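Asker: next one to model:
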Amino acid sequence: MQITSFLVLALSALSFAAPVCEVPSGFQINGFTTFAPAEGNPNPSKVFFTLVDSVTGASTFCSHSGTFASGPATCDNGSSQFSWDGTKLTVNEIYTPCFSPSDEALAYGSVNVSVYCYPSEPPMPNGYGTQCQTPTGQISGTFSSDPLLD
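Answerer: Got it, this is the predicted structure:
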């Protein structure tokens, strides 16, 4: 009886020690907001939101000022990026694949974003322009995965 109990405890400990392989499958966008300056306002365009990985629950703040002419913007965690074309938000997340832990893979997804816009005037921090937000505050999307990155 003691040997069986010891074996069960040992196997339980091993199952907790084994690493869990989690491939990003979905994401949530919280608090998506944009700002477009009015003519004569020197402040740049802005996009900001919180990105949440629906598998791990990890979140990161994403923001960008100006255009996306030079490519996607990097979020605070350094492994997520995004681009915005005025109607579609595309997010990318670099992760370690289960089958090759020394490499990286890319999960990506896009969502069409419906926003409610209203005039922005001083004393708002951005000055004159148009600020837009998602009416619901949350948007969900699905990731697809690319093969290993070079």
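Asker: pLDDT weak spots in this structure?
Answerer: Regions of the chain meeting the criterion pLDDT under 70 cover residues 1-21, 146-150.
Asker: that one: strands as residue ranges?
Answerer: Taking DSSP state E as the criterion, the chain contains strands spanning 26-37, 46-53, 59-65, 73-74, 80-84, 88-95, 105-112, 116-120, 129-133, 138-142, 144-145.
Asker: any chance of the ones you listed in CSV, with mean neighbour count too?
Answerer: For the C-beta atoms, the positions are set from N, CA and C on the backbone; glycine is no exception. Formatted as CSV, those follow (neighbours: other CB atoms under 10 Å):
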stretch, mean neighbour count
strand 26-37, 18
strand 46-53, 21
strand 59-65, 17
strand 73-74, 16
strand 80-84, 21
strand 88-95, 19
strand 105-112, 17
strand 116-120, 12
strand 129-133, 17
strand 138-142, 15
strand 144-145, 13
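Asker: got the contact list for the closest residue to Ser54 other than its chain neighbours?
Answerer: With CB to CB, 6 or more residues apart in numbering as the criterion, Ser54 has its nearest non-adjacent residue at 3.8 Å, and that residue is Gly26. Listed by CB atoms under 8 Å, 6 or more residues apart in numbering, the contact set of Gly26 reads Asp53, Ser54, Val55, Gly109, Ser140, Gly141, Thr142, Phe143.
Asker: shouldn't the fourth one be in contact with Phe27?
Answerer: Yes - distance between Gly109 and Phe27: 6.2 Å, which falls inside the contact criterion (CB atoms under 8 Å).
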